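1. pasting the sequence and the predicted model now:
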Amino acid sequence: MTLRMAALAGILFLTRPALTQTDENEGPRAIDACGVLVQGAGCVLFEGAGGSWVVPDAGRFDFGDAVRIVGTADPDCITICPDADGCIRGAVLYDPRVFPCGTPLPSFPDDLVTGLCEGLGGALIASSLVGMWCTRPGRLVRRP
């Protein structure tokens, strides 16, 4: 009986580090990668970033298209797709010809608003200067 207990204790001791060890890649993580959309068993998969990930909405893209995907990779999500390594939550797909991998993405609407404000600010300053030039005293009044 004590031999069995010693063997069981030895097995538990040897397997304990493997049971308590955690992998840093487990759990949701940010993803910004390029890959290809493929058809899984009843789902759309993104192949890239070291695996096959379920994409809830491929938008205007179709199977075989190269895409850049930005979102949160969740290896622990529940899915009906047996081929998947996990899901990409909040996935936004971009055409890599327009927004290549590794390049910064514009932050809409912030970049749009900032660009409009900068452009309109310059136009307002220029129009006020023109208005002050045209309406300065003595310019419009003719003296005999």
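-> That came in fine, so what should we check first?

2. show me where pLDDT drops low in this protein?
-> Applying pLDDT under 70 to the chain picks out residues 1-26, 108-123, 133, 136-144.

3. show me where this structure has strands.
-> Remark: strands assigned in the chain by DSSP state E are 29-39, 44-48, 51-54, 66-74, 86-94.

4. reformat those as CSV; add distance to Leu124 and mean neighbour count.
-> Placement of C-beta: from N, CA and C, glycine included. Output for the strands of the chain, formatted as CSV (distance: least, C-beta to C-beta, whole Å; neighbours: other C-beta atoms under 10 Å):
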stretch, distance to Leu124, mean neighbour count
strand 29-39, 37, 16
strand 44-48, 45, 21
strand 51-54, 47, 21
strand 66-74, 35, 20
strand 86-94, 34, 19
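
5. adding distance to Thr135, write those out as TSV.
-> TSV is the format used below for these (distance: least, C-beta to C-beta, whole Å):
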stretch	distance to Thr135
strand 29-39	54
strand 44-48	61
strand 51-54	64
strand 66-74	52
strand 86-94	50
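
6. nearest to Cys101, out of these?
-> In terms of C-beta to C-beta, the element of the strands of the chain nearest to Cys101 is strand 29-39, at 4.1 Å.
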